[in-house]
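> Requesting a structural model of the entry that follows:
(chains A, B and C)
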Amino acid sequence: MSIGHTLLGLLEAGPRHGYDLKRAFDEKFGHDRPLHYGQVYSTMSRLLKNGLVEVDAVEAGDGPERKRYAITEAGVTDVERWLTTPEKPEPYLQSTLYTKVVLALLTQRNAADVLDVQRAEHLRGMRILTDRKRKGDLADQLICDHALFHMEADLRWLELTAARLDKLRQAVTR
Amino acid sequence: MTPPPGSLLCAEQLRKVYGPTVALDGAEFSIHPGEVVAVMGPSGSGKSTLLHCLAGIVTPDSGTIMYQDRELSAMSDGERSALRRSDFGFVFQFGQLVPELTCVENVALPLRLNGTPRRPAEQAALKWMERLEVDDLAKKRPGEVSGGQGQRVAVARALVTEPRVLFADEPTGALDSLNGERVMELLTDAARTTNAAVVLVTHEARVAAYSDREIVVRDGRSRDMERAV
Amino acid sequence: MNARQWYRDLVMGVRFTVTGGREGWTRAVLTGVGVGLGVALLLLTTAIPSALDARHAREAARTDITFSASAPMPRADDTLIAANVDTEYGDRTVRGRELEPEGPRAPLPPGVAEFPAPGEMVVSPALKELLASDAGKLLRERLPDRITGTIGESGLVGSAELAFFRGGDGLAAYLGDQRVQRIDHFGDRDSGAEPLDPVLLLLVLVVFVVLLMPVAVFIAAAVRFGGERRDRRLAALRLVGSDSLMTRRIAAGEALAGAVLGLLFGAGFFLIGRQLVGGAEVYGISVFPSYLDPSPVLALLVAVAVPVAAVLVTLFTLRGVVIEPLGVVRTARPARRRLWWRLLLPLAGLAMLYPMMGQGRDHGNFNQYLVTGGVVLLLIGVTALLPWLVERVVARLGAGGVSWQLAVRRLQLSSGTAARMVNGIAVAVAGAIALQMLFAGVESDYTRSTGQDTTRAQMQVSVPQEVPVAGAAAEFAATKGVRGVSAYAEGYAGDRRSDPGTTAQLTVGDCAALREIARLASCRDGDAFVVRDAEYDTDTRKLAVPGRTLYLDPSWEGVPRSKEIPWKVPSGLRAAGTRIGMTGGEQSGFLLTPKALAADAAPALTGQVYLRLDRGAPDAMERVRNTAAAVHPLATAMTWSDTERSDRFTAIRTGLFAGAACVLALIGASLLVSQLEQLRERKKLLSALVAFGTRRRTLGLSVLWQTAVPIALGLLLASAVGLTLGAVLLRMTETTVRIDWSSVLSMTGVAAAVVLAVTLLSLPPLFRLMRPEGLRTE
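Here you go, the predicted structure:
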């Protein structure tokens, strides 16, 4: 999962301090694994270097100076591209997919589209596997089946999520 | 409307309302000969209604359906019935075999409805049952065969008239995965050899994986994923 | 297993009927209505004997004029003279009595509060209504007296009876007339109701059995309405842990609830039906609703037998069904039906009837138990044989079109269901054919030729002795619609004043009239003739001695003294040849022209006027009756017909037709219900067939075949059993066995029409089910 894209997406709602970003991330996505502030700092500096964010303001306080980041035009495009690009179907994808869906909801994008695009990608992969299975021997079939069942599980999760988009939207935008 | 070049069956702007429910609201569809298209979507999204409209079982409230160069949506009930007998085949979730007829009689039924005499009809039926590996069930009644066998008999029944379009509504819905996949393999193989188009309504990804492409129906609107991507 | 467990399961079943949602209610109401109709019919039928009894009792209580000879009663202050002045209007009989009280203690007839004075009358409500209406205008001319009251229910035998009492005067002069009597009480003390003829009793018995059997079969079918859905519900109960005995008890509870509901409906239908019957008149017979009281024992029997039968039938049906938690398994291939025990039933029936073969009507009543048992067993034999027959025949049926194939295969798979559906009709038809055959055979015995020659006269009016026949003849000749009149004065001459040893007829009429009844060489007024050689007449020869004194209207022992007028046989007596008279026999005795009879002899003769009517004039008969009433209140007009039939016979026959019609309609309704239920069960399949492009015609025809094949077999079997039963019954009554094909055809035709109607009525729902909406998954 891409922390950079996630933080960028969070910035779309408006400029934030690095610490606010970490808190927002932890709250929405980092339930089991909170982000280190160091991770935020290094990611933001990479994004700054790539011109996807800019420093909106610097507050000089008693402690270290606090930078407020804002997303650039290029940053928005990058988030857009990331969301509409399906993930390569592979095991344990759900955290990325979940992040994508939530971000799409947070940024008022069409989350159903994210799901549809992902389903199409999954199906493409499953077609290839199915085809291989039909032509292959028993070993091939069993290996393909394993992959197919995992992808099917992802897809089921996608469908379930799609069915609960409204509830999810209420939950994440609260 | 002008159908996409080479398409066998296509539909545009379909709208169908059952009482207070809007089943279809601007759905589109097209399929080429020999193509297998999966129609996916959550339950209640209008998948089955789309299939029924495409097959000429139900007439849409508005929109057009073209089959080859004829407008299906403008045909009379009798004409559509005749077309279903001659050009279309059907597989349903629960087989819907006639319980009192033997399996071979069930398979021969569409031919007989078309006026083929009993003997040649049953010979043709047996040939198809062989292809679907259920010829040993010929004399049994549907109540005496397993779900997977019954569904294969149903596929044989759908293919016996060598239809141009095969409509399958959740054909594996009542089967376990092994039986379901076997039915799908046999169905798609048979369709490819006769160059029939297959409209496959399913909510199972592994069944949809037997298709060439899928369209997604949501809230009565369709989305062709190939064009979208 | 304790009683509480039993009770709990039964109550649970009952609750299912009530709480089963819309579906549960529909099923309960269907069963309730079905059983209710059957129960109502049962109650009405069981009430018929008591209704007839009630009628009979009323009739006996108001009897005034008896035909039994009794010593003349002297006038007293508790006597009255009653005269029978019945008349006919159209084809309805009007009971009429003229009453003349002779003292202050004269008895009042039942239902009358006060004697009407001369010129006044009290009438029944139905007659009052008729007289006030346009349709009763001609009758009002005949009965012009002032209406001063109505006859109460206790004086009438039916709600629609036409009756009147009117005040009379000077009736004592007519006491010699059979229809005028002095009485001191109403009511027949020694209610000597003539016993029913054994053959008529046999007929009544068979009619009851034949009508009630299909009702029983129908009730058995009605408690099975919705059976398949119930089985599925029971399967769900097995899933949550009830064992198979429990499910059976729950099913029994449901059946019980349906049957009790049916009893309630039945009581309701019966009460409604009773009122309807009370307001209606069937072939001249009407009854008051209060007459239709089923005897308590029979009603109790119905109330107990119906629920018990419902439970038994349910348990019997479940016999071949294994209810598993995951669904209903019908024992895969039921054992082939065996023939031998099925044949035992009708054979036992025949064995019970056999001893009474050739008994005829002269050896007392038939053994009612043997008759009932035999007929019941024969008819039950139909329901036992039919499933076997259907199974065998259907298994052999071969190929055909798609619709035929669908129907035949379905029948092969469930021939039992198909046979059960038509059992009721088969039993009804078998019984009806047997009865029709019996009726047709016996009919000739109860229909006798009257000998009346309706080409020569269509009406006959008898005029009392007091009225000069010539004057009356003139009145009739002047009546509109009368084309010709032959008038005679008739009487008897005997060799002694009283109790004569030999008698001869004496007829007076003009030459034209005499020529109608004898061949005369020539005739002038003043001539006297004698017919010596008429059939069955030996006395005339002995008495026709010119100059011998005979006595006109001689007296007979035990009846009031009559006129006994001496008459001398005229000397110029000429012989006349015989001719068939208008009443069918050869006229015998003395024939006189008016001048040949001394005037003082006239009172000894009664007038007979024969009338030829203009058949085109619609009211001619009513006008003649009006004229007759005007000529003399005691003049009676009769309409001639070639044959006359025993009234009782007509009533039974009427009952049969009405009953058979009701039963067939009832069975048709149950057929329709089960047909629709089967179609609903197959909704999904029908839609799938439509998707394949199956034509409506194909499915419609297959539904028709599916009903028509078992019905055809049922009718075949019913005809065979019916004809056998009919032949046996005819042999029992010693009547020539003759197959009445027309009745076989008409009864099977009616049954076939019922099937056709059921099929037609089930087509619209079928087509509705065939709509593609059925494919939608709810």
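
> Spit out the contact partners of residue 97.
Just so you know, I chose chain A. By C-beta atoms under 8 Å, 6 or more residues apart in numbering or on different chains, the residues touching A:Leu97 are A:87, A:118, A:154, A:157-158, A:161. In short, each C-beta sits where N, CA and C put it, glycine included.

> you looked at the wrong chain, it should be chain C
Contact analysis of C:Arg97 by C-beta under 8 Å, 6+ apart lists C:64, C:82-85, C:109, C:164-166.

> Would you agree it falls within a strand?
Yes. Assignment of C:Arg97 by DSSP: H, G, I helix; E, B strand; the rest coil places it within a strand.

> per-residue confidence at the nearest residue to C:Ser462 once chain neighbours are set aside?
Spatial nearest neighbour of C:Ser462, chain neighbours left out: C:Thr636 (5.1 Å); criterion: C-beta to C-beta, 6 or more residues apart in numbering or on different chains. pLDDT recorded at C:Thr636 is 80.

> Surely C:Thr636 is in contact with C:Ala628?
Yes. With contact defined as C-beta atoms under 8 Å, C:Thr636 reaches C:Ala628; the gap is 7.1 Å.

> Pull up the overlap in contacts between those two.
Jointly contacting C:Thr636 and C:Ala628 under the rule C-beta under 8 Å, 6+ apart are C:Val461.

> which intervals of chain B have sub-threshold pLDDT?
Residues of chain B meeting the criterion pLDDT under 70: B:1-3, B:95, B:226-229.

> what separates the residue most central in space within it from B:Val201, distance-wise?
The residue lying closest to the centre of chain B (C-alpha atoms, centre = their mean) is B:Phe167, at 0.9 Å. Per C-beta to C-beta, to the nearest Å, B:Phe167 is found 8 Å from B:Val201.

> Which neighbours do the two have in common?
Joint contacts of B:Phe167 and B:Val201 (C-beta under 8 Å, 6+ apart) are B:Leu51.

> rewinding a little: with respect to chain A, which of the contacts of C:Arg97 is nearest?
Lowest distance from chain A to those (C-beta to the nearest C-beta) belongs to C:Phe164, with 86.9 Å.

> mind checking the SS state of the closest one?
Quick answer, by three-state DSSP: C:Phe164 is strand.

> what does C:Gly149 give?
Assigned with three-state DSSP, C:Gly149 falls in the strand class.

> Grab the nearest non-local neighbour of it.
C:Val122 (4.2 Å).

> hang on, isn't A:Gly136 packed against A:Cys144?
Yes. At 7.0 Å, A:Gly136 counts as touching A:Cys144 under the criterion of C-beta under 8 Å.

> give the contact list for C:Gly374.
Neighbour list for C:Gly374: C:349-353 [criterion: C-beta under 8 Å, 6+ apart].

> If you count surrounding residues, which of C:Thr636 and C:Ala628 has more?
More crowded of C:Thr636 and C:Ala628, by other C-beta atoms under 10 Å in any protein chain shown: C:Ala628, with 27 against 19.

> before we move on, the earlier item: and the contacts of the helix or strand hosting the residue nearest to C:Gly149?
If you go by DSSP states H and E, C:Val122 is part of strand C:120-123. By C-beta under 8 Å, 6+ apart, the residues outside strand C:120-123 that reach it are C:112, C:116, C:131, C:143, C:145-151, C:163-167.
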